[in-house]
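1. sequence below, structure please.
(4 chains)
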4 protein chains.
Amino acid sequence: MAGNTLGGLFRITTWGESHGEAVGVVIDGAPAGIPFTEGHVQAWLDRRKPGKGKTSTSRKEPDQAKILSGTFDGKTTGTPVSIMVANKDARSSSYADIMDLYRPGHGDITYDAKYGIRDYRGGGRASARETVGRVAAAALAHEILNAAGISVRAATVELGGVRAQARDYASMAENPYLCPDAEAAEAMDARVDEVRRQGDSLGGVVEIIADGVPAGLGEPVFEKLDAALAGALMGIGAVKGVEIGDGFEAARLTGSENNDPITPEGFASNHAGGVLAGISSGAPLVMRVGVKPIPSITREQATINTKGEPATIRTRGRHDVAAIPRVNVVCEAMVALVLVDHFLRQRAVAWNR
Amino acid sequence: MAGNTLGGLFRITTWGESHGEAVGVVIDGAPAGIPFTEGHVQAWLDRRKPGKGKTSTSRKEPDQAKILSGTFDGKTTGTPVSIMVANKDARSSSYADIMDLYRPGHGDITYDAKYGIRDYRGGGRASARETVGRVAAAALAHEILNAAGISVRAATVELGGVRAQARDYASMAENPYLCPDAEAAEAMDARVDEVRRQGDSLGGVVEIIADGVPAGLGEPVFEKLDAALAGALMGIGAVKGVEIGDGFEAARLTGSENNDPITPEGFASNHAGGVLAGISSGAPLVMRVGVKPIPSITREQATINTKGEPATIRTRGRHDVAAIPRVNVVCEAMVALVLVDHFLRQRAVAWNR
Amino acid sequence: MAGNTLGGLFRITTWGESHGEAVGVVIDGAPAGIPFTEGHVQAWLDRRKPGKGKTSTSRKEPDQAKILSGTFDGKTTGTPVSIMVANKDARSSSYADIMDLYRPGHGDITYDAKYGIRDYRGGGRASARETVGRVAAAALAHEILNAAGISVRAATVELGGVRAQARDYASMAENPYLCPDAEAAEAMDARVDEVRRQGDSLGGVVEIIADGVPAGLGEPVFEKLDAALAGALMGIGAVKGVEIGDGFEAARLTGSENNDPITPEGFASNHAGGVLAGISSGAPLVMRVGVKPIPSITREQATINTKGEPATIRTRGRHDVAAIPRVNVVCEAMVALVLVDHFLRQRAVAWNR
Amino acid sequence: MAGNTLGGLFRITTWGESHGEAVGVVIDGAPAGIPFTEGHVQAWLDRRKPGKGKTSTSRKEPDQAKILSGTFDGKTTGTPVSIMVANKDARSSSYADIMDLYRPGHGDITYDAKYGIRDYRGGGRASARETVGRVAAAALAHEILNAAGISVRAATVELGGVRAQARDYASMAENPYLCPDAEAAEAMDARVDEVRRQGDSLGGVVEIIADGVPAGLGEPVFEKLDAALAGALMGIGAVKGVEIGDGFEAARLTGSENNDPITPEGFASNHAGGVLAGISSGAPLVMRVGVKPIPSITREQATINTKGEPATIRTRGRHDVAAIPRVNVVCEAMVALVLVDHFLRQRAVAWNR
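-> Purely as a prediction, here's the structure:
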């Protein structure tokens, strides 16, 4: 229990269910004097909004962020920053017909097992809606990172089995999948149409890169930078795998192939993905996450009801065909939250330098 | 800083460098009354000892564990359990010739960047020797888990590109790679000989399975069971990727393929790997880690010295050809440490049931 | 930084300034199935409301609590409980004339030193208004404690130098000072009138007693029950001293006088105040806190302005003559929050009993 | 459980029982480059050694500190510093005659209640011997604080009812009680002789002052500097009361008397004891702790045995007449540990200044 807080010095606590009054976050440990307004939050929330791109639900949430504390005259004061976003469009009714059925691939059955209580309305805390709080908090993290010259971006490098070959980041915004390969994006589009017709869903792979990360971040041996990033990214609902640098491919290389030669100008390659022994090396951080297909599909599936009797289910409600690209901004958020925490911690490590 | 502690209720703190006086661990939060002696620790330490199997170094450490506190009459008392293992065979001399050179793929350059101080003797905290403390602590974790009917085992499912097809766990002990596929083990053997001749090293993939894990473990949304496991496993020096269940393969499936149907007898499949929404489902936990090749190789590599001047390096010292299979017991240790912590936490969650 | 969270398993995070939009709290780790509604919160908030008793400010806040998450059908679900209370009656204007002056005895000068930013409106986070979040969270803590047969009550045993001799708790509600000695309450009344005429303020002593606390709570050696209670109570703005049992008087006794003899029926006395070696003994917990006089007074005081120039100040605004009795419910809240956390932690300690 | 760790950035974990193999501590988060050797530790351990002064036990422990990790060439490396002190003179035999009896005023009965197991040898974790680890860790804390111009000293201001009037710190070392009033020290001496003859024990009051503490330390609202100090000091076995500044006396003052006027040269008085709103003000920190009499006395006391039957007990073993002055260095240690942690945390708060 008490697992809703992330971070050591820059610490966030999220709250709220998909069909409750609101969702939100409290940010504790934000340094004072950082320019931060509802406009900053809104810009990030708009990126995770549904209704953008062909993969996403028709559920419409204005997602208007309200800052309730921690700022004065448009700047942080060092006290907790509380941000709330009301749940406007929560139709519990549409869930009435499945209130006694466990949804395959969903957390309702495990939440029951854990807490001994059933909140059948949507996904509750397990809903992607919970990430509103994470993204809102990351809006502040990004402001601090930017001031330190650190930037984070996530790109869709695979969707429904279609892989991006190019890394043309400039073109990402021109397709609905945030894919850095225009050609691959078109193939993804065809795959999405096909699967939507089948009432099914898709997964994919997101690549996150952080530029400008100084060498020295990370706290061995249990809070290594890569360990913290892996935990944060695996903590995103749809994520089932995490890689740093070459990841699983590194397992197929020899030491002479995988070691990054060191030159007076820096590392000659970046198989390590910017982390050595759990500490940032100064090279760009490179991570990939494997995103599972959305479990809510309209095709009939075998399940049981809360009495344990066999049943079948067709999810109605409103759901995305793929978590991508909405999950991309959440990946950026988790990376930003880990980086800002470790950035501040390094200030204490290097106190006398 | 202060990243050497893992866990909430069952909390361990490891200490010690590869070439210092000793390495050790303090276990805080172990319930009282658990039978625990130096024999229990020794059995696990012997499994991670070097000199076993053809992949490993010739460095010989007796690794004799000494329990300094926390037990009375062969049982835990509820107070901190301090375990120490002396470093007997630390030949700093063999590192003298590389004391001014950064080793590619190693943490010495990032430790320098972080702490501003250079301890050139072996890997210091970044050495695999640090895992002695983790494995010793896990010996106690395993005792608690076993009492609860939970078991953890790690198997080598890939080495140097050779994949195990079978999962014949009974045969694992019969080959030096802890591979559950005798045929694959022979091919691994050939690959290891080849690479050793080339003065190079290998990586691979380890699969960890936990049986008997009750449903309900894990603390959403930031201390989900899979997030905690991913962080713990990525915190192992050689690990660059972590998967739960089908992992990255799940990204290529559709929802109807990836969802595990629910039946009165339980889940009809286990693509999820025993975790839904970050909470254990009652199905076996299935994880895989990608292990990079050992960075220390005898082949010449390009690097720089501490003055930043170009140089070449050939690691002498004594090093393994592959972290596998010695890393397998460390994987089991990390999983056991996470599970026992969440098992105890669930006692509080379900206090009134 | 990041000091706005209290507790390990039952963890609260408060947020909000006295003159911001709202104040609130997020409770993480509340077990599921606890009956909890806005009515429960309101009952406790009403006890700390201003405008009750002659010592308190005329500032009127409806203090209407809103539960935004974590409950369903009137019961907790195990997810974070977010509670918000709007700030309705915040007249920043009345602070305009002191916006450049540091107030003696106040935190505005230290907040400046720490955060490098000045929010001159009221006390900000240092205002007693922040305790709304603590009291709201304690409303849930009390529900859990009551279910376990544990109760907490605070009594005013000294005010403005007038000491209560009796402990007639039944009569407490009959005087405006929550004093268990009717006679002393009248003398307190006279003292309050006198000091109010002088434009000055008063301090006093509050005694908190917890009944029904089982033996075994507390986590030596740094999270002992008395250490946790002392830290929590000293963390209340106006508190400058904390005692357990006989406290400072114990320093004047001999061992034979101070030791509580043990009998088959229990302890023959309770000099220890219910704690031995940091663990509850089963006897009632007895604590006392020394409460300083309210620093905001209308009498002229010497100070400096933000430029460091000498100045004089008369606090206008609206302020209490004494923190007592409003602080009493806050004392109960802090004790309840510590007890529920340790109560849940003990479930894990005793997992196998 | 898991309560044996103190601190956030500078974090210590102590281990060991009074009659086990050894006692020790692991310090995590010590900045790199701090000169630190066994000599530094020994100097502090020698101050808490028994056999100094007439109040203390005849138990003789060489208390030889051994640093097992975390330093290289006499300086800290940033990795965990593990320090061990062997228990040489542990005569469990002398406890044989009380192995079935609970000792009044001792923790053996509450440890039993908590852990369900009885370690009758001496005080186990509840013994003052556990403080060896705290003092050893504080030796490093003091090195860091001194480098920052911060010093901490504890003085005996009351013993057995005899109060020190003077604060002549120069004379402290000249009497066996570390009392800053030579005349009072003589009266204390007489009182100690008298009580020792009676087979009884004494308590007293220790005043701790920290000079050079910069303004800005402390993390409102739950990790305020005074709250952290109160928790740390109350966590010392013999302490039953803690005051900051005027403490309980402040409860008898009016606001105009208690407020410290602010002048261009600083505060005109220090009733607050150097803390306002939980943040250091730049004035000296002033704390007092009430120390109870040693519970182990040779006079006969009523108790019960482990079967719950009435019995009488006379503690033999070897025990002090008063925890003072040995506890004084422990008070200094706890204050130093809290200050260094908050000093490092403030580096992160003020990262952009």
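2. so in terms of bridging, what pairs with the nearest residue to A:Ile262 once chain neighbours are set aside?
-> With CB to CB, 6 or more residues apart in numbering or on different chains as the criterion, A:Ile262 has its nearest non-adjacent residue at 4.5 Å, and that residue is B:Thr303. Bear in mind the C-beta positions are built from the backbone N, C-alpha and C, glycine included. When bridges are taken as DSSP bridges, the partners of B:Thr303 come out as B:Ala311.
3. tally of neighbours for B:Thr303?
-> A count of nearby residues for B:Thr303, using other CB atoms under 10 Å in any protein chain shown, gives 24.
4. wait, doesn't it sit right on B:Asp100?
-> No: checked against CB atoms under 8 Å, the pair B:Thr303 and B:Asp100 is beyond contact range at 10.4 Å.
5. list, one by one, the residues from chain A near chain D.
-> A:8-9, A:29, A:31-34, A:78-79, A:147, A:220, A:344-345, A:347-352 (CB under 8 Å from any CB of the partner chain).
6. now the buried members of those.
-> When neighbours are counted using 16 or more other CB atoms under 10 Å in any protein chain shown, the residues of chain A next to chain D contain these buried positions: A:8-9, A:29, A:31-34, A:78-79, A:220, A:344-345, A:347-351.
7. sorry, back to before: show only the entries of the residues of chain A next to chain D found in helices.
-> A:Ala147, A:Leu344, A:Arg345, A:Arg347, A:Ala348, A:Val349 (DSSP state H).
8. nearest residue to the third one other than its sequence neighbours?
-> Among residues not flanking A:Arg345 along the chain, A:Leu9 sits closest, at 5.5 Å (CB to CB, 6+ apart).
9. hmm, that neighbour is touching A:Ala30, no?
-> No: no contact is recorded between A:Leu9 and A:Ala30 when judged using CB under 8 Å, the distance being 9.8 Å.
10. closest to chain C among the ones in helices among the residues of chain A next to chain D?
-> A:Leu344 (7.8 Å; CB to the nearest CB).
11. the closest one contacts D:Gln346, correct?
-> No: between A:Leu344 and D:Gln346 no contact is recorded; they are 11.5 Å apart, counting by CB under 8 Å.
12. quick check, pLDDT for the residue of chain A most remote from its centre.
-> Using CA atoms, centre = their mean, the residue of chain A lying farthest from its centre is A:Pro264. It sits 35.9 Å away. In this prediction, A:Pro264 carries a pLDDT score of 97.
13. for it, what are its contacts?
-> B:Ile304, B:Gly308, B:Glu309, B:Pro310 (CB atoms under 8 Å, 6 or more residues apart in numbering or on different chains).
14. next: A:Val239.
-> For A:Val239, the contacting residues are A:Leu233, A:Val289, A:Gly290, A:Val291, A:Lys292, A:Val327, by CB under 8 Å, 6+ apart.
15. list the buried residues for stretch A:333-341?
-> With burial defined by 16+ other CB under 10 Å, the residues of stretch A:333-341 counted as buried are A:Ala333, A:Met334, A:Val335, A:Ala336, A:Leu337, A:Val338, A:Leu339, A:Val340, A:Asp341.
16. for A:Arg167, helix, strand, or coil?
-> Three-state assignment for A:Arg167 (DSSP: H, G, I helix; E, B strand; the rest coil): coil.
17. contacts only, for it.
-> With contacts taken as CB under 8 Å, 6+ apart, A:Arg167 has the following neighbours: A:Ala155, A:Pro180, A:Asp181.
18. overlap between those and the residues near chain B?
-> Of the residues in these, proximity to chain B by CB under 8 Å from any CB holds for none.
19. quick one: which of those is nearest chain D?
-> Closest approach between the contacts of A:Arg167 and chain D, by CB to the nearest CB: A:Ala155, at 29.9 Å.
20. in what element of secondary structure is the closest one found?
-> strand A:151-159 (DSSP states H and E).
21. pull the CA atoms of that strand into PDB?
-> Included here for strand A:151-159 are C-alpha records, laid out as PDB according to Å, rounded to 0.1, in the frame of the first residue of the first chain:
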ATOM      1  CA  SER A 151      15.100  17.500 -23.300                       C
ATOM      2  CA  VAL A 152      13.100  14.300 -23.600                       C
ATOM      3  CA  ARG A 153      11.200  13.000 -26.700                       C
ATOM      4  CA  ALA A 154       9.300   9.800 -27.400                       C
ATOM      5  CA  ALA A 155       8.800   8.400 -30.900                       C
ATOM      6  CA  THR A 156       6.600   5.500 -32.200                       C
ATOM      7  CA  VAL A 157       9.100   3.100 -33.800                       C
ATOM      8  CA  GLU A 158       6.700   0.100 -34.200                       C
ATOM      9  CA  LEU A 159       3.000  -0.400 -34.400                       C
END
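22. all good on my end, thank you.
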